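**Student:** I'd like to go over a predicted model; first the sequence, then the structure.
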Amino acid sequence: MNSHRIVLARSSLLGFAALIAAGALALPTLPALAYSENSTKAVNIDTAGLAIRGYDPVAYFTVGKPTLGSPQFTAQHDGATYRFASAANRDVFAKEPAKYAPAFGGFCAMGAVFEKKLDGDPNLWRIVDGKLYLNVGEPAQKRWLEDVPGNIGKAQTNWTNIKDKAPKDL
């Protein structure tokens, strides 16, 4: 009976790995999110229009870690509201929003490789060549880190085709 459970566990893991390899990267989003499967926006926002779950995009560059922003300090960019930890961060963003806004509208970078718009987790991030990238979960982050330049290239190519589509349609 125990060997049967081990075989099932291995089989499940192999099946998951095969789904990722085949491009069916359907990792679940966290239940507390207001991520919309129906939105055709190129920016990942919640139902209130908030980007990156309220995290400060400038803080990734200045303090090197995810930092929650405050409703007191906000800026609009590409139809999304960004929050900041300080007025100074908000002002920096306002001068160059494209520099600080996450790649692929804050959707998962690895998801874009597979032509999917998956929710980006602000805690799974990397700055590469001056651009912020988010991923949906640790398996996606790990896979993305295996070939960052190649994955960025594939995602950029795919992004033009998927950016205006609803996640549920991909």
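**Tutor:** Thanks, I have it. Since the structure is predicted, the reported quantities are computational estimates derived from the model, not experimental observations. Numbers count the residues shown, from 1 in each chain.

**Student:** spit out the contact partners of the residue nearest the centre of the chain.
**Tutor:** In the chain, the residue lying closest to the centroid (C-alpha atoms, centre = their mean) is Gly120, at 2.2 Å. For Gly120, the contact set (C-beta atoms under 8 Å, 6 or more residues apart in numbering) comprises Asn44, Ile52, Pro102, Phe104, Gly106, Phe107, Cys108, Ala109, Leu134, Asn135, Val136. (Each C-beta comes from the backbone N, C-alpha and C, glycine too.)

**Student:** how about the third one: what's its closest non-neighbour residue?
**Tutor:** By that I understand Pro102. Leu132 (4.4 Å; C-beta to C-beta, 6 or more residues apart in numbering).

**Student:** now the helix or strand that contains that neighbour: average pLDDT?
**Tutor:** In the assignment (DSSP states H and E), Leu132 maps to strand 131-135. Averaging pLDDT along strand 131-135 gives 97.

**Student:** what comes into contact with it?
**Tutor:** Contacts of strand 131-135 (C-beta under 8 Å, 6+ apart): 52, 57, 60-61, 100-104, 106-111, 120-122, 124-127, 141, 144, 152.

**Student:** so which of those are in helices?
**Tutor:** Judged by DSSP state H, helices contain the following of those: Tyr60, Phe61, Tyr100, Ala109, Met110, Gly111, Gln141, Trp144, Ile152.

**Student:** mind listing the strands for this protein?
**Tutor:** Applying DSSP state E to the chain gives strands spanning 70-77, 80-84, 121-128, 131-135.

**Student:** can you give the domain ranges for this structure?
**Tutor:** 39-100, 102-163 (automatic domain parsing).

**Student:** save the ones you listed as CSV, and put in distance to Asp169 too.
**Tutor:** Below are the domains of the chain laid out as CSV (distance: least, C-beta to C-beta, whole Å):
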stretch, distance to Asp169
domain 39-100, 8
domain 102-163, 9
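
**Student:** deepest-packed of the ones you listed, please.
**Tutor:** domain 102-163 (a mean of 20; mean count of other C-beta atoms under 10 Å).

**Student:** so where's the chain uncertain?
**Tutor:** 1-34 (pLDDT under 70).

**Student:** again, only using 90
**Tutor:** Along the chain, the model assigns pLDDT under 90 to residues 1-39, 46-48.

**Student:** picking up where we left off before, make JSON lines from the strands of the chain and add distance to Tyr35 to it.
**Tutor:** Output for the strands of the chain, formatted as JSON lines (distance: least, C-beta to C-beta, whole Å):
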{"stretch": "strand 70-77", "distance to Tyr35": "19"}
{"stretch": "strand 80-84", "distance to Tyr35": "13"}
{"stretch": "strand 121-128", "distance to Tyr35": "11"}
{"stretch": "strand 131-135", "distance to Tyr35": "12"}
